[in-house]
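In: For reference, the sequence and a predicted model appear below.
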Amino acid sequence: MNNIDFLSLNKLILSCSNILLTTHLNPDGDAIGSILGLYHFLKLANKNSRIVISDPVPQNLKFLDGASEIEIFDDNKNYPWFESLDLILILDLNDVTRLKGLEKFILKSNAKKVVIDHHIEPKEFADFYLIDTEASSTGELIYKIITQDKLHKINKSIAENLYAAILTDSGSFRFPRTDEEVHLIIAELIRNGADPVKIYEEIYNKNSYNKIKLLGKGYSNLELFFNNIFCLMTLKKEDFLTTKTDSSDLENFVESLMAINGVKIGVLIAEIPDANEIKISLRSKGNYSVRDLAVKFNGGGHLNAAGARVINESLESVKKGLMKETQNLFFF
Ligand SMILES: [Mn+2]
């Protein structure tokens, strides 16, 4: 694996002209914020750059400056300009399958491919890797790439986007990797125009009434297992139907389980409407590796935050499997 440092990557970026930015399926705040932060830097540097991703921008991130310029990949469309790319920057993912439909286009492109990420166990597919698994977020890495270069200063658009990236991926500055350096970066972003009150309000306080009703259904179904360390929230198709919600409304549900006294592992299993799919979302505290649990269901993620999707299986059988794997991994 070919590693690249912040300064070399900054130089590589400034030496290229046609740049594609992309990130993972179901993009989160770090994916969108870091990609837009970098995009505004490329604009400052007069680069010809475009953002193409595989899934839509979540509603609560659409306020971010540049979000409306993000293109959603469409398999039926032609992308002739892909041919002229000289650099592809792949953010917040290290496994090419997380690019979904974009995967084959990116793999066959002659452009240099660089992965910028903070997840563990990267898979080899790119030319260069800038990976720091100790970083709070990809947004933090983008900040360090941009600030290598004294010519292009962080402007308000960059600051706001990187602030959103770090805010969301650090769980509002409370996850373990929120260190002194993260706060120093945040201070710089605020100094350069990021508005903490506005950004928090836009991202977290715009829940729909229906979403909160769905959360209520989830709360009324909560169960505790394994000496009350493990909390399970279950949502059925009918819960979505009666509240007129969909899987995009599940954002932050599983996180809320971690606020329960004594709970070390929080799990959400949801029967996705209009799909034969069960979504599993996992969170934990300390050394309970929910990533190991997600892998048992062909998913992945971090030590304390992971997920998986199971196709063509009933909610009951997924729940049973989950209990068995949890028992084997943590409570044997
Ligand atoms: Mn991230």
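Out: Arrived safely, thanks for sending.

In: what number of residues lie near the nearest residue to Leu61 once chain neighbours are set aside?
Out: Nearest-residue entry for Leu61: Ile32, 4.7 Å, with adjacent residues in sequence omitted and distances by C-beta to C-beta, 6 or more residues apart in numbering. The C-beta positions use only the backbone N, C-alpha and C, and glycine is treated the same way. Ile32: 29 surrounding residues under other C-beta atoms under 10 Å.

In: packing partners for the helix or strand harbouring Ile32?
Out: Using DSSP states H and E, Ile32 sits within helix 29-44. Applying 3 or more C-beta pairs under 8 Å, 6 or more residues apart in numbering; DSSP states H and E, one finds that helix 29-44 makes contact with strand 18-23, strand 48-53, strand 87-91, helix 138-146, helix 156-169.

In: Can you tell me which of the ones you listed is nearest to Leu7?
Out: helix 138-146 (8.7 Å; C-beta to C-beta).

In: What are the boundaries of the helices in this protein?
Out: Taking DSSP state H as the test, the helices found in the chain are 6-15, 29-44, 103-108, 138-146, 156-169, 180-191, 196-204, 209-220, 237-243, 253-257, 290-295, 315-330.

In: of all those helices, which lies closest to Lys77?
Out: The nearest among the helices of the chain, by C-beta to C-beta, is helix 103-108 at 10.9 Å.

In: neighbouring contacts of that closest one?
Out: 22, 79, 82, 88, 90, 96-97, 99, 113, 125 (C-beta atoms under 8 Å, 6 or more residues apart in numbering).

In: quick one: pLDDT of Ser248?
Out: pLDDT for Ser248: 85.

In: pLDDT score assigned to the residue nearest to it when sequence neighbours are not counted?
Out: Among residues not flanking Ser248 along the chain, Pro58 sits closest, at 6.7 Å (C-beta to C-beta, 6+ apart). Note for Pro58: predicted pLDDT of 91.

In: Isn't Pro58 up against Ala31?
Out: No - judged on C-beta atoms under 8 Å, Pro58 makes no contact with Ala31 at a distance of 9.6 Å.

In: quick one, which of these two is more surrounded?
Out: With neighbours defined as other C-beta under 10 Å, Pro58 and Ala31 compare such that Ala31 has more, 29 against 17.

In: list the contacts for the residue in the stretch 201-332 of the chain that the ion sits nearest to?
Out: Across the stretch 201-332 of the chain, the shortest distance to the ion (C-beta to the ion) belongs to His302, at 8.5 Å. Neighbour list for His302: 119-120, 291 [criterion: C-beta under 8 Å, 6+ apart].

In: next one: Lys153
Out: 44, 192.

In: Just the buried residues of stretch 241-253, please?
Out: 243, 245-247, 249-253 (16 or more other C-beta atoms under 10 Å).

In: any idea how far Thr242 is from the residue nearest to Leu61?
Out: From Ile32 across to Thr242, the span is 30 Å (C-beta to C-beta, to the nearest Å).
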